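Trainee: model the following, please.
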Amino acid sequence: MAESCEVNGMKEEKIKIGIFGLTCCAGEELNVTNLEEELADIAEIVDLRHYLMVQSINEFPVDIALVAGFVATKEDEMRLKEIRKNSRYLIAFGSCASSCGGVHGLRMKEPLSAQYREVYGDVKMNGEIAPLSEIRPIDSYVEVDYYIRGCPVPEEEILYYIFKFIRAPPVKNELLPVNIQTEGYGKIRGDAFSLDPEKCVLCRRCVNICQKHIGQGVIDFISRGGGAKVVVSTFFGESFENAGCILCGQCITSCPVGAYQVRSDVERVKNILANPDNFTVAILDPMSCTSMMQHFSREEDFYTYVRRVIASLRKIGFDKVISFTEGYHLSLIHQARHIMKGDEHEKIAAWCPAAQNLIKKSYRELIRYITFDTDPLYMLMRILRETFGPRAKYVLITPCVAYKNTDEVDAVLTAPELRRLLSYSGIDVDIEKPDRAGFDRECFHAGEMEIMNTYPLGPMSESLLWYLTLFMREEGEVKRIQIEKGVEEIVMRIGETTKKALFITVPAKLKKYVVRMGDYDYVEIVPCFGGCAGGGGHYPPATPEKIEERRKMIEKYNERIISKLNRWAMSRAYELMAREGFRCPV
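Mentor: Residues are numbered from 1 along each chain as shown. From the prediction side, this is the model:
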């Protein structure tokens, strides 16, 4: 029989509350017990029907069920459905229940069977408690009425919502305010992007990526007020750049709530275009268009979509639209030449600005192996400035957040910023005519670009092999050997010549190979998941499926711009790339 309490001299039935935990660390449940004196006051005005952590007699039904954790086993799923059946309102209590399984969700990166064998060996699973192959939030299994985020939910926030529910439940399906405890904490700022702690749900994704994948540890959980208040921050609230950030932007694409905000250059670009005295040049990386097409376009052919984007850029006022791919080719040609010569100062690839930042900030002993002048943007801009003169204004459109700090151009737009710029200008990309909307060629002729766009879409190391075969006039082959997860050795054979490259996709592992730099002719470091297809300047989310889809778009795009190569074009390309006087600024 339900208990009652006296309110304004009248007897009222107490609200029945249950606190439940599925698979989780029990942080939310424990924080309720930490309320101590407040818990006694709560017990006088509510009927705490179900709370395994503090009482032995637990009953259904309940008016409000606070459910922490996520569904990791079949037993969890059955229990969750029973809770839903016996509760009037079900509240996702904490980040694990509200989002995607928190830290436990990271196990989806590898097959469950392989992980189970590594931990338990040959021990057989019990059918009911065997972990499910997929981690999903609880609203994938039952209807959820409200969400309280946090990891764990702070004590004062728990108290706030319990009293709120006693007075009156919020509007159905209202997303409850996030991180009340962070009110008043300032943003962590940087020149390229910032972090707003008030939006953060403490899901840990960005922290894990920065510490375990990148290896920089720029951000971490910071406790305030004896641990009652937890926020994600740089140490002592330093700017990202001063804290050692390499500006890869993986924290941006991994954040499920948009707590990270990229510096916007949209207004700057609008002002540049509004000045009739400016000669304006857009430098477009086709990779930027992939996530735009994924999210907003009805167009099915990526080649056509890129041409529609080019037409849109011309329509809003750009005088020239240049392909950033030309800069990549300039950089690759330059580095291939130096690999042939055995120049150790060109050993580390300079094409990725985030990798450059990693070397500058954490591996200064490796600076002697890299020439920053081979950065694709730097090389491309030397030619464009020579061509268009000092009055030209340049806008780079890129999936790379690290370019936000460059001085080479007047403004830098990511994919979301480009979308906003076009929307403000009343442009619908899908209806722009793609006919005769190709890139302006300033570094290469069309035939030369056809030759160059046959390079493999993979590690730049393989692209270099393609250029080496052109230089040496011999066939080449590649053998890839995985040394460990995130580290590959690429052996390139061209005729009688053998070149070895080190390909690192988990930058945190670079420190193990610093002493082995002498073993390799070329070293490539890729901070972003999936390379440029997973750059921080794309629309989130950067899931493996989305990244692979973007890569396939680029592959098909390259296939469309390659025609059958005649003997004249091939001989022209050989002559072009073998000649030191070619317009490559080296």
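Trainee: for the stretch 1-150 of the chain, give me the ranges with low pLDDT.
Mentor: In the predicted model, the stretch 1-150 of the chain carries pLDDT under 70 at residues 1-12, 99-112, 125-134.
Trainee: residue ranges for the strands of it, please.
Mentor: For the stretch 1-150 of the chain, the strands defined by DSSP state E, counting those that start in this stretch occupy 4-7, 10-13, 15-21, 46-51, 62-68, 71-73, 87-93, 131-136, 146-148.
Trainee: quick one: strands adjacent to the third one?
Mentor: Read that as strand 15-21. strand 46-51 (parallel), strand 62-68 (parallel) (DSSP bridges).
Trainee: tell me the angle of it relative to strand 87-93?
Mentor: 40 degrees (axes from the mean of the first three to the mean of the last three C-alpha atoms, to 10 degrees).
Trainee: check the offset of strand 15-21 from the chain's centre.
Mentor: Computed by C-alpha atoms, centre = their mean, to the nearest Å, the chain-centroid distance of strand 15-21 equals 37 Å.
Trainee: just the strands of the stretch 1-150 of the chain: most buried one?
Mentor: strand 62-68 (a mean of 26; mean count of other C-beta atoms under 10 Å). Where C-beta positions appear, they are placed from N, C-alpha and C, glycine not excepted.
Trainee: ok, and what's touching that strand?
Mentor: Residues outside strand 62-68 that contact it (C-beta atoms under 8 Å, 6 or more residues apart in numbering) are 15-22, 24, 26-29, 49-50, 80, 83-84, 86-94, 96-97, 138, 148, 165, 169.
Trainee: picking up where we left off before, out of the strands of the stretch 1-150 of the chain, which gets nearest to residue 537?
Mentor: strand 131-136 (28.0 Å; C-beta to C-beta).
Trainee: got any ranges where the stretch 201-350 of the chain has weak pLDDT?
Mentor: Applying pLDDT under 70 to the stretch 201-350 of the chain flags the ranges 223-229, 343.
Trainee: where do the helices sit along it?
Mentor: 205-208, 250-254, 266-274, 288-296, 302-315, 325-341 (DSSP state H, counting those that start in this stretch).
Trainee: so which of those is nearest residue 362?
Mentor: In terms of C-beta to C-beta, the element of the helices of the stretch 201-350 of the chain nearest to residue 362 is helix 250-254, at 15.8 Å.
Trainee: where does residue 383 land in three-state SS?
Mentor: Following DSSP: H, G, I helix; E, B strand; the rest coil, the label given to residue 383 is helix.
Trainee: how many neighbours does it have?
Mentor: 18 (other C-beta atoms under 10 Å).
Trainee: for the closest residue to residue 413 other than its chain neighbours, give me its contacts.
Mentor: Among residues not flanking residue 413 along the chain, residue 397 sits closest, at 4.8 Å (C-beta to C-beta, 6 or more residues apart in numbering). For residue 397, the contacting residues are 282, 283, 284, 285, 288, 324, 412, 413, 414, 415, 418, by C-beta under 8 Å, 6+ apart.
Trainee: surely the fifth one and residue 399 touch.
Mentor: Yes: in this structure residue 288 lies within contact range of residue 399 using C-beta atoms under 8 Å: 5.1 Å.
Trainee: which residues do these two both contact?
Mentor: Shared contacts of residue 288 and residue 399, defined by C-beta under 8 Å, 6+ apart, comprise 414, 415, 537, 538.
Trainee: in helices only, show me those residues.
Mentor: Applying DSSP state H to the shared contacts of residue 288 and residue 399, the entries found in helices are residue 415.
Trainee: just the shared contacts of residue 288 and residue 399 now: which is nearest residue 360?
Mentor: Within the shared contacts of residue 288 and residue 399, the smallest distance to residue 360 is 20.4 Å, found for residue 537 (C-beta to C-beta).
Trainee: point out where the stretch 401-550 of the chain drops to low pLDDT.
Mentor: Within the stretch 401-550 of the chain, the stretches with pLDDT under 70 are 442-476.
Trainee: stretch 376-395 - what's its average pLDDT?
Mentor: Averaged across stretch 376-395, the pLDDT comes to 90.
Trainee: related to what we said a few turns ago, so of the helices of the stretch 201-350 of the chain, which one's packed in deepest?
Mentor: Among these, ranked by average contacts under mean count of other C-beta under 10 Å, first place goes to helix 250-254 (a mean of 25).
Trainee: contacts for that helix, please.
Mentor: Applying C-beta under 8 Å, 6+ apart, the contact partners of helix 250-254 are 193, 195, 205-206, 209-210, 213-214, 219, 260, 262, 401, 527-529, 534-536, 538, 540-542.
Trainee: 6 Å - rerun?
Mentor: With contacts defined as C-beta atoms under 6 Å, 6 or more residues apart in numbering, helix 250-254 is touched by 205, 206, 209, 260, 536, 540, 542.
Trainee: as PDB, could you dump the C-alpha coordinates of it?
Mentor: What follows is helix 250-254, C-alpha atoms only, in PDB (Å, rounded to 0.1, in the frame of the first residue of the first chain):
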ATOM      1  CA  GLN A 250      39.000  14.500 -34.000                       C
ATOM      2  CA  CYS A 251      37.400  15.900 -30.800                       C
ATOM      3  CA  ILE A 252      35.000  17.900 -32.900                       C
ATOM      4  CA  THR A 253      33.800  15.000 -35.100                       C
ATOM      5  CA  SER A 254      33.500  12.700 -32.100                       C
END
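Trainee: so how far is that helix off the chain centroid?
Mentor: Distance, stretch centre to chain centre, for helix 250-254: 3 Å (C-alpha atoms, centre = their mean).
Trainee: just stretch 49-64 next, same as before
Mentor: Taking C-alpha atoms, centre = their mean, the mean C-alpha location of stretch 49-64 is offset from the chain mean by 41 Å.
Trainee: quick thing: my sequence starts at 32, can you match it?
Mentor: Right, with 32 as the first residue, what we last looked at is stretch 80-95.
Trainee: dump the helices of the stretch 232-381 of the chain into JSON lines; add distance to residue 534 as well.
Mentor: Formatted as JSON lines, the helices of the stretch 232-381 of the chain follow (distance: least, C-beta to C-beta, whole Å):
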{"stretch": "helix 236-239", "distance to residue 534": "23"}
{"stretch": "helix 281-285", "distance to residue 534": "18"}
{"stretch": "helix 297-305", "distance to residue 534": "35"}
{"stretch": "helix 319-327", "distance to residue 534": "22"}
{"stretch": "helix 333-346", "distance to residue 534": "26"}
{"stretch": "helix 356-372", "distance to residue 534": "14"}
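Trainee: closest one to residue 154 among the strands of the stretch 32-181 of the chain?
Mentor: Nearest of these (C-beta to C-beta): strand 162-167, 13.1 Å.
Trainee: list the contacts of residue 400.
Mentor: Residue 400 makes contact with 378, 379, according to C-beta under 6 Å, 6+ apart.
Trainee: wait, which of the contacts of helix 281-285 is closest to residue 544?
Mentor: Distances from residue 544 to the contacts of helix 281-285, taken as C-beta to C-beta, are shortest for residue 240 (20.6 Å).
Trainee: how near is the nearest residue to residue 274 once chain neighbours are set aside to residue 228?
Mentor: Of all residues not flanking residue 274 in the chain, residue 265 sits nearest, at 4.0 Å (C-beta to C-beta, 6+ apart). Using C-beta to C-beta, to the nearest Å, residue 265 is found at 11 Å from residue 228.
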